[in-house]
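>>> 3D, please:
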Amino acid sequence: MLIVNAVSGNIYENAELAKKFQEVKQHGTFRRLLLSRIEMEKSRLRKKTEDGFDIGLALEPGKRLQHGDIILESSETILIEQLPEKTLTVKFKDSDPELFLLVGHIIGNRHRPISINNETISFPILDDSEMELFQRLFHEVIDKIDLTVDEQRFIPHVSMDVHEH
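Here you go, the predicted structure:
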């Protein structure tokens with residue numbers, strides 16, 4: 001088992017590292033570590049890469065992995081990839097600040113992290129049945145919003161540090 005204490009960088013933030021990774025990728029000599037968003041928040045974790053290589057993460061407390069992080073240890077190159085998850089997206093039909101506040105309040109009461117993009121708010125759900133729950137919770141404003149469920153790599157808004165129940 002490989003014990004990892006640090007991340008070398010991120011291919012989406014470091015152009016030089018991205019170039020080096022492309023060279024390694026061409027030779028097919030890297031491993032992929034697929035992690036859920038919740039697993040990426042942990043500083044201690046034992047997991048196998050896609051090809052079965054055993055890795056133990058022992059990062060400093062508070063360090064969170066990000067999609068695109070690279071681990072360079074001895075002769076190993078490991079790419080961290082975040083798995084997609086089910087998300088519910090609320091699209092607002094009108095630009096109404098009171099509507100934004102009400103929807104944000106309802107989502108916040110469920111302790112969900114959110115992602116804000118243009119006139120939409122997205123948040124993770126565990127099952128399609130939660131669509132019915134949120135339709136009931138949004139009953140007062142359901143004619144002013146569109147709800148859709150899809151699978152995507154969910155990245156919470158940077159200032160949203162909440163825990164899920």
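
>>> Tell me where this protein has helices.
Under the criterion DSSP state H, helices of the chain are mapped to 15-27, 37-40, 97-108, 130-137.

>>> Same list (those) but as CSV, adding mean neighbour count.
Placement of C-beta: from N, CA and C, glycine included. Formatted as CSV, the helices of the chain follow (neighbours: other C-beta atoms under 10 Å):
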stretch, mean neighbour count
helix 15-27, 12
helix 37-40, 16
helix 97-108, 14
helix 130-137, 14
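
>>> May I see those organised as TSV, with mean pLDDT and distance to residue 119 added?
Conversion of these to TSV gives the following (pLDDT from 0 to 100; distance: least, C-beta to C-beta, whole Å):
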stretch	mean pLDDT	distance to residue 119
helix 15-27	92	32
helix 37-40	93	24
helix 97-108	91	9
helix 130-137	92	17
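
>>> which one of those helices lies closest to residue 82?
Smallest distance to residue 82 across those (C-beta to C-beta): 6.0 Å, for helix 37-40.

>>> what's that closest one packed up against?
In terms of contact count using 3 or more C-beta pairs under 8 Å, 6 or more residues apart in numbering; DSSP states H and E, helix 37-40 is assigned the packing partners strand 76-82.

>>> who touches the residue at the greatest distance from the centre of the chain in this structure?
The outermost residue of the chain, judged by C-alpha distance from the chain's mean C-alpha position using C-alpha atoms, centre = their mean, is residue 140 at 29.9 Å. Under the criterion of C-beta atoms under 8 Å, 6 or more residues apart in numbering, the contact partners of residue 140 comprise residue 102.

>>> got the domain boundaries for this protein?
As recorded under automatic domain parsing, the domains making up the chain are 2-82, 85-152.

>>> so who does residue 63 touch?
Taking C-beta under 8 Å, 6+ apart, we find residue 63 in contact with 7, 43.

>>> how close does residue 50 get to residue 85?
Distance, residue 50 to residue 85, using C-beta to C-beta, to the nearest Å: 18 Å.

>>> Looking only at neighbour counts, state which of those two leads.
Relative neighbour count places residue 85 above the other of residue 50 and residue 85, with 16 against 11, counting by other C-beta atoms under 10 Å.

>>> ok, that one to residue 124 distance?
From residue 85 across to residue 124, the span is 5 Å (C-beta to C-beta).

>>> what do these two both touch?
Listed contacts common to residue 85 and residue 124 are 37, 154; contacts here mean C-beta under 8 Å, 6+ apart.
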